[in-house]
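> Let me see the structure of the following:
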Amino acid sequence: MATGHRPAPALPSFSPHRPQPGALPRASGSEQPESHYSSSVPASFSHEVKSAVDVRLGYPSSGRLSLFPMSDAPLFGSPCQSPATGSKAPHTDNVLPPRKHADVLMDIYWRQIEPLEPLLEKESFSRSYQALFDGTLADDEERLLLSALNTIFALSTQWQESLPREEREEASGTYFSRAWGLLRPEVIIWGPPSLDLVQCLLLMARYLQCTNRSHQTWMAIGSAVRIAQSLGLHNKPDLSSTDSAGESWRRRQLWQCCVFMDRAISWVLGRIPMAPPTVSSFFIDPVLDHGIGGPSRVPPAPYVAKIIDLYEMSNHIMLLQAPASNISADRLGLPRLYQDNEYLSTAVQIDACLNKWERGLSQPLRSDADQRNTEDISYTQGVYLRIR
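Prediction:
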């Protein structure tokens, strides 16, 4: 966004928390009920800004919001409506592609998807992957791993842009339907909490956030956060724990992913995040902290820290757009969270924070870095941060 200014007539007054006449208008054919969206979502706020600028410049307002991810502008086609839980014969989803093709899809995931949103611990996941094909994986681990793998295959298939779109959509949808069928509701609600279950739900949410299934994305991430809290992942690491260094790292990594995915989806949908409002620094550095070491091949800490910082700022901005008062708060004499006359000073302060965040990017992640080596993952991570 351009930062230069020149004298101009004052904009018509508007407030980010002004009551809206209704929920956000959705494009025709959207499967989401209007009530799923808050008036504080970025699309609504940016629409107000654009409308105010149009008025100043004398342009007619279209009265429509721009296309938005997870509603009107999905990257992937809509997945299955609602997989039947009792209509399939046993083990019909317990299938895998040929090993050679599975290896190709896993390689795409490790090289091009995982570095952007780190979630898996490669060494332990690769051991389970090998055990699955060897037939030596324990039965109680097989269902969740199969579900996670099929979600990974669905994501990696969408990354194969050399394939025709229709072919990608069909293959990806098949993989995701298998993954969804394997992760039954009773596993999520009645089954024991586990790191594998949190991991599987986060992978599904990663896929769903690229579709128009905002409600399913919201529910998958919410379930992952609740289960993670049941496992105590949100607590400070216990140095007296008997967990191995790799297990301790994985616990922190999964909670870290819960936090920034919860922040990201909450920001898009204009909702209050489920994870705590602040994240302690011991969750941000995934390599070394409090005497706990991570695996040798982990995403660079600066990238992970910066993306979490960005979502923390986004979350703070969204909270500032909440109504300044309500009937209950006024009745109880509670202080207001935000005043209209503080709007400009708050906006300037937030802008300064964003500029400071950008200046703090390491050289490989900066927009002015050498962009000739587009195969370098740091370049891709830098582009990802700028888009965010």
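> and residue 97, how many neighbours does it have?
16 (other CB atoms under 10 Å). In this view, the C-beta of every residue, glycine as well, is placed from N, C-alpha and C.
> contacting residues around it?
Counting by CB atoms under 8 Å, 6 or more residues apart in numbering, residue 97 touches 105, 153.
> Quick check: pLDDT value at residue 168.
Residue 168 is assigned a pLDDT of 92 by the prediction.
> Could you report the distance from it to residue 102?
Residue 168 sits 17 Å away from residue 102, going by CB to CB, to the nearest Å.
> Then residue 185?
In terms of CB to CB, residue 185 sits 27 Å off from residue 102.
> got it, and residue 175?
Distance from residue 175 to residue 102, by CB to CB: 11 Å.
> Next, show the common contact partners of the two.
With CB under 8 Å, 6+ apart, residue 175 and residue 102 have common neighbours residue 153.
> CA atoms only: put stretch 168-188 into PDB for me.
C-alpha atoms of stretch 168-188 as PDB (Å, rounded to 0.1, in the frame of the first residue of the first chain):
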ATOM      1  CA  ARG A 168      -6.200 -31.600 -10.200                       C
ATOM      2  CA  GLU A 169      -9.600 -30.900  -8.700                       C
ATOM      3  CA  GLU A 170     -10.900 -34.400  -9.100                       C
ATOM      4  CA  ALA A 171      -7.700 -36.100  -7.700                       C
ATOM      5  CA  SER A 172      -7.400 -33.600  -4.900                       C
ATOM      6  CA  GLY A 173     -11.100 -34.000  -4.000                       C
ATOM      7  CA  THR A 174     -10.800 -37.800  -3.900                       C
ATOM      8  CA  TYR A 175      -7.800 -37.600  -1.500                       C
ATOM      9  CA  PHE A 176      -9.500 -35.100   0.800                       C
ATOM     10  CA  SER A 177     -12.800 -37.200   0.800                       C
ATOM     11  CA  ARG A 178     -10.800 -40.200   2.000                       C
ATOM     12  CA  ALA A 179      -9.100 -38.100   4.700                       C
ATOM     13  CA  TRP A 180     -12.400 -36.700   5.900                       C
ATOM     14  CA  GLY A 181     -14.000 -40.200   5.900                       C
ATOM     15  CA  LEU A 182     -11.200 -41.500   8.000                       C
ATOM     16  CA  LEU A 183     -11.400 -38.800  10.600                       C
ATOM     17  CA  ARG A 184     -14.900 -39.500  11.900                       C
ATOM     18  CA  PRO A 185     -16.700 -37.200  14.400                       C
ATOM     19  CA  GLU A 186     -16.400 -39.800  17.100                       C
ATOM     20  CA  VAL A 187     -12.700 -39.800  16.800                       C
ATOM     21  CA  ILE A 188     -12.600 -36.000  17.400                       C
END
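> And that stretch, what's buried?
By neighbour count with 16 or more other CB atoms under 10 Å, stretch 168-188 contains the buried residues 168-169, 171-173, 175-184, 187-188.
> From the residues you listed, which land in helices?
Using DSSP state H, 168-169, 171-173, 175-182, 187-188 are the members of the buried residues of stretch 168-188 that sit in helices.
> okay, residue 232: pLDDT?
91.
> surely residue 145 meets residue 127?
No: counting by CB atoms under 8 Å, residue 145 sits too far from residue 127 to count as a contact (10.9 Å).
> Which residue of the two possesses the greater neighbour count?
Legend: neighbour count by other CB under 10 Å for residue 145 and residue 127, higher for residue 145 (20 against 12).
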